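*Asks:* sequence-free structure coming up:
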């Protein structure tokens, strides 16, 4: 952080390096939030593809509500990486998942970006520690991991590497909040961060099932869209199971279904359900419930499930 | 199947054995769909708790639309298990997850239920093969695995055991469809069926993360509700990743992100991504896409994510 570090709320100029599905999604998001966006990608024909992606996203972003001054005209295509970041107040890198490529690219970005400006990587799973090794000023590099599409899904996971300074993590978290995202700030590097670890566990179990002929792609998708997928937009996996315990909540659930952790219900071995883990889950759910009774949570869940089913149903029927 | 087996569409009288969160949820569902429901539970005071559960669910069910003749007055409390099933045309068992208990209970139900009537178990993960061992007429016993709450979440997974006859699996699948559920009929027993294997993989990874101090309950839940949980009501995990591949779809996704299957992003080891598995995933997604282009799927996903976010937001704000 130095005298050139803008306050997160004052940022106007954002650079997006890499303009594929994720990078292009970030471009669309920042444009909709009213930023000036400079984009660069090594692919020679990237501009047409990027503009197609932004155009495809724009109706949804308009429907959600554009920020004052938001316009697709605020997109500038840079001829070089160095041009793209030259006067950026924030940089988001979204290159393919290739560690050597990311190391090299982040070092180039770091060398060309004004001092004091935070540089964030969209990596799905690398730690910043392993990506920042060749950077001249690694202290301002963070991971800012989005979800597809970045212009709609609110979540961004923010975490630094060993050589990242804590101000940069705080700055990035604050900036993403200002820019309309929901931020989870992690205090340590974990491969895959949080959401991707959970999502990857589902995905690998699904691949095993298809590989073994235990289920088809169609059955796997239907088992989520017609089942637990309808609960997860309101309640995550922990609060969902808090309600599975009936009036006894998570405590009853763990005491009652705890033995199923030993069942071969997935290829993933469960941890030992120690008293400490049990209590951490129970206490975490009580904090998350924030004084709401099980009955109140059930009523909220029911209203949300109905609303979500109706919303999805209208999309399936092709209503605008 | 015999001359006493009703056609699935003609069933009027349903017995629910076990009246906890799941059994009570089934009672509420069948009442709302206009059935006569007889309930029995070994707990001495179960009636008051059951009626509370049904009363709590009724506003949601009314909002969704009750079937002609649906009424909470159609609930009869039986004094014994044998009374409950004596003239049932379908029986749903929802006892605690305890194999010895289920074996004993299903044998009692089987002995007391009119011949030719299908008996279904709500078990979360036992196979019918291991549960039906003491049944006098095991050929009519099936698993009909619901999701909490059974009166709202459409999914039911139907699968028989080794001694189940195929007509019973077909009959149960047809009956659940008539009764307003979304049915996945499995042609083989897999521990945890499909949705619970996927859900359990997430749950175990979440428990590991809390046990290791890698994430809190609050972060885990937020990572789903603000992230992938918003995509899953419309697109399951397979079609979600079909879109992660951009215009190249699942084929590009697997060819591009395939190496991440070797990454330590979850404690669950991935299967080998053989050409056969790759092709099965690609073909499954193409079938599921059913002629819709990636651009059309993206447009549908975007509309669904916006609608789901709005629906959840209104519930969070306490709007009715």
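*Replies:* Looks like it came in fine. Everything quoted here is computed from the prediction, not taken from an experiment.
*Asks:* low-confidence ranges in the stretch 1-150 of chain A?
*Replies:* Across the stretch 1-150 of chain A, nothing is flagged by pLDDT under 70.
*Asks:* can you give me the strands in it?
*Replies:* Assigned strands in the stretch 1-150 of chain A, in chain order: A:13-17, A:36-40, A:75-77, A:90-93, A:118-121, A:141-146 (criterion: DSSP state E, counting those that start in this stretch).
*Asks:* mind putting the ones you listed into a markdown table with mean neighbour count?
*Replies:* To be clear about C-beta, it is placed using only N, CA and C from the backbone, and glycine gets the same treatment. Below are the strands of the stretch 1-150 of chain A laid out as a markdown table (neighbours: other C-beta atoms under 10 Å in any protein chain shown):
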| stretch | mean neighbour count |
| --- | --- |
| strand A:13-17 | 28 |
| strand A:36-40 | 23 |
| strand A:75-77 | 17 |
| strand A:90-93 | 28 |
| strand A:118-121 | 27 |
| strand A:141-146 | 27 |
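*Asks:* can you say which of the ones you listed is nearest to chain B?
*Replies:* strand A:141-146 (9.0 Å; C-beta to the nearest C-beta).
*Asks:* need the strands of the stretch 1-150 of chain A in CSV (columns: distance to residue A:57).
*Replies:* CSV is the format used below for the strands of the stretch 1-150 of chain A (distance: least, C-beta to C-beta, whole Å):
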stretch, distance to residue A:57
strand A:13-17, 14
strand A:36-40, 13
strand A:75-77, 12
strand A:90-93, 16
strand A:118-121, 20
strand A:141-146, 13
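*Asks:* so which of these gets nearest residue A:291?
*Replies:* strand A:141-146 (31.6 Å; C-beta to C-beta).
*Asks:* what number of residues lie near residue A:69?
*Replies:* 11 (other C-beta atoms under 10 Å in any protein chain shown).
*Asks:* for it, grab phi and psi.
*Replies:* Torsion angles at residue A:69 (phi, psi; degrees, to the nearest 10) stand at phi 80, psi 0.
*Asks:* show me what contacts it?
*Replies:* residue A:34 (C-beta atoms under 8 Å, 6 or more residues apart in numbering or on different chains).
*Asks:* and the gap between it and residue A:35?
*Replies:* Computed as C-beta to C-beta, to the nearest Å, the residue A:69 to residue A:35 distance reads 9 Å.
*Asks:* flag the shaky bits of the stretch 201-320 of chain A, pLDDT-wise.
*Replies:* Along the stretch 201-320 of chain A, the parts satisfying pLDDT under 70 run over A:319-320.
*Asks:* what distance do you get for the residue nearest to residue A:25 when sequence neighbours are not counted to chain B?
*Replies:* Nearest non-adjacent residue to residue A:25, counting by C-beta to C-beta, 6 or more residues apart in numbering or on different chains: residue A:150, 3.7 Å away. To chain B, residue A:150 is 11 Å away according to C-beta to the nearest C-beta, to the nearest Å.
*Asks:* hmm, residue A:26 and residue A:150 touching each other?
*Replies:* Yes - contact criterion C-beta atoms under 8 Å: residue A:150 and residue A:26 qualify, at 4.9 Å.
*Asks:* overlap in contacts of these two?
*Replies:* residue A:122.
*Asks:* helices of chain A, start to end?
*Replies:* Applying DSSP state H to chain A gives helices spanning A:21-32, A:46-64, A:81-85, A:99-112, A:128-131, A:166-178, A:195-211, A:217-225, A:237-244, A:249-257, A:275-289, A:294-316.
*Asks:* so can I have TSV of those showing mean neighbour count and distance to residue B:272?
*Replies:* TSV is the format used below for the helices of chain A (neighbours: other C-beta atoms under 10 Å in any protein chain shown; distance: least, C-beta to C-beta, whole Å):
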stretch	mean neighbour count	distance to residue B:272
helix A:21-32	26	26
helix A:46-64	17	33
helix A:81-85	21	37
helix A:99-112	18	22
helix A:128-131	20	25
helix A:166-178	20	37
helix A:195-211	25	8
helix A:217-225	25	18
helix A:237-244	24	28
helix A:249-257	19	32
helix A:275-289	17	32
helix A:294-316	19	34
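*Asks:* turn those helices into CSV, columns for distance to residue B:95.
*Replies:* Below are the helices of chain A laid out as CSV (distance: least, C-beta to C-beta, whole Å):
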stretch, distance to residue B:95
helix A:21-32, 47
helix A:46-64, 46
helix A:81-85, 63
helix A:99-112, 51
helix A:128-131, 50
helix A:166-178, 48
helix A:195-211, 27
helix A:217-225, 23
helix A:237-244, 15
helix A:249-257, 12
helix A:275-289, 24
helix A:294-316, 21
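*Asks:* who's the residue most central in space within chain A bridged to?
*Replies:* Centroid check for chain A by C-alpha atoms, centre = their mean gives residue A:146 as the closest residue, at 3.1 Å. Beta-bridge pairing for residue A:146 (DSSP bridges): residue A:156.
*Asks:* I'd say it and residue A:28 touch.
*Replies:* No - under the contact definition of C-beta under 8 Å, residue A:146 does not touch residue A:28, with a separation of 11.5 Å.
*Asks:* quick one on the thing from earlier: ok, the residue nearest to residue A:25 - how many residues close by?
*Replies:* Neighbour count for residue A:150, taken as other C-beta under 10 Å: 28.
*Asks:* what sits against it?
*Replies:* Residue A:150 touches A:22, A:25-26, A:28-29, A:122, counting by C-beta under 8 Å, 6+ apart.
*Asks:* what number of residues lie near residue A:248?
*Replies:* Neighbours of residue A:248 under the rule other C-beta under 10 Å: 14.
*Asks:* swap in residue A:191?
*Replies:* Neighbour tally, residue A:191, other C-beta under 10 Å: 16.
*Asks:* now do residue A:45
*Replies:* Residues near residue A:45, counting by other C-beta under 10 Å, number 8.
*Asks:* equivalent analysis for residue A:65, please.
*Replies:* Neighbours of residue A:65 under the rule other C-beta under 10 Å: 8.
*Asks:* ok, it to residue A:55 distance?
*Replies:* Taking C-beta to C-beta, one finds residue A:65 at 18 Å from residue A:55.
*Asks:* also residue A:312?
*Replies:* 25 Å.
*Asks:* same question for residue A:108.
*Replies:* 29 Å.
*Asks:* what do you get for residue A:173?
*Replies:* Using C-beta to C-beta, we find residue A:173 at a distance of 31 Å from residue A:55.
*Asks:* equivalent analysis for residue A:125, please.
*Replies:* 30 Å.
*Asks:* just to revisit the earlier point, ok, now which ones touch the residue nearest to the centre of chain A?
*Replies:* Counted by C-beta under 8 Å, 6+ apart, residue A:146 has contacts A:22, A:25-26, A:122, A:153, A:155-156, A:181.
*Asks:* now distance to residue B:245 too, for the residues you listed, in CSV please.
*Replies:* Shown next, in CSV, are those (distance: C-beta to C-beta, whole Å):
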residue, distance to residue B:245
A:22, 12
A:25, 14
A:26, 18
A:122, 16
A:153, 17
A:155, 20
A:156, 22
A:181, 23
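*Asks:* residue B:117: which of those residues is nearest?
*Replies:* Proximity of those to residue B:117 was ranked by C-beta to C-beta; the top entry is residue A:153 with 47.2 Å.
*Asks:* list the contacts of the closest one.
*Replies:* For residue A:153, the contact set (C-beta under 8 Å, 6+ apart) comprises A:146-147, B:226-228, B:230-231, B:305.
*Asks:* closest to residue B:270 out of these?
*Replies:* Distances from residue B:270 to those, taken as C-beta to C-beta, are shortest for residue B:228 (17.7 Å).
*Asks:* ramachandran coordinates for the residue in the stretch 51-200 of chain A that chain B sits nearest to?
*Replies:* Residue nearest to chain B within the stretch 51-200 of chain A (C-beta to the nearest C-beta): residue A:192, separated by 3.2 Å. Backbone torsions of residue A:192, given as degrees, to the nearest 10, read phi 80, psi 0.
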